[in-house]
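Student: Make a model of this:
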Amino acid sequence: MVQDATITLSAADIVWICGAIISISAVLGILAKLYEKVKAPNQTQDERISKLENRVDEFDSFFMRDKHRLDDIEESNRITQEAIFALLGHALNGNNTEELENAKKDLKAYLIKRR
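Tutor: So this is what the prediction gives:
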C-alpha cells in the first residue's frame, strides 16, 4: 500500500528555515574573516623577510666591493713598503742596486696591472 506523502510547511517553519540559513551564512562569514586575520601576520612576516633578504643581498655586494678595494690597497701598500725598504738599504750602504731593480720591476708591474 502506497501512502501519499505530503509535506506541509507552516509559515513558522519557513521562517525557521530562513533564519537557520541566515545564521549559518553569518557564521561562515565570521569564520572567513577570522581566517583572514589569522593568515595576515604570516603574509606581513613573509613580506618583511623578503625585504630584509633583498637588503642583505645588497649589503653583501657592498661588502664584496669593499673587500676587493681593501685587497687592492693592501697589495699597493706591500709593493710600496718593499720599494721603501730597498731605498733605505741603498741609502744606508750604497749597495742593494739589485733590490732596487727588483722593487722597481715589482712597482712597475703593479702599476701596469692596476690600469
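Student: Return the distance of stretch 65-72 from the chain's centre.
Tutor: When distances are taken as Cα atoms, centre = their mean, to the nearest Å, stretch 65-72 is centred 22 Å away from the chain's centroid.
Student: hang on, I meant stretch 97-104
Tutor: The chain centre lies 49 Å from the centre of stretch 97-104; the measure is Cα atoms, centre = their mean.
Student: Stretch 24-36 too?
Tutor: Its chain's average C-alpha position is 36 Å from that of stretch 24-36, according to Cα atoms, centre = their mean.
Student: Export that stretch to PDB, keeping only CA atoms.
Tutor: C-alpha atoms of stretch 24-36 as PDB (Å, rounded to 0.1, in the frame of the first residue of the first chain):
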ATOM      1  CA  ILE A  24      24.800  29.600   9.000                       C
ATOM      2  CA  SER A  25      25.800  32.200   6.400                       C
ATOM      3  CA  ALA A  26      26.700  34.600   9.200                       C
ATOM      4  CA  VAL A  27      28.800  32.000  11.000                       C
ATOM      5  CA  LEU A  28      30.600  31.200   7.700                       C
ATOM      6  CA  GLY A  29      31.300  34.900   7.200                       C
ATOM      7  CA  ILE A  30      32.700  35.300  10.700                       C
ATOM      8  CA  LEU A  31      34.900  32.200  10.100                       C
ATOM      9  CA  ALA A  32      36.200  33.600   6.800                       C
ATOM     10  CA  LYS A  33      37.100  36.900   8.500                       C
ATOM     11  CA  LEU A  34      38.800  35.100  11.300                       C
ATOM     12  CA  TYR A  35      40.800  33.000   8.900                       C
ATOM     13  CA  GLU A  36      42.000  36.200   7.100                       C
END
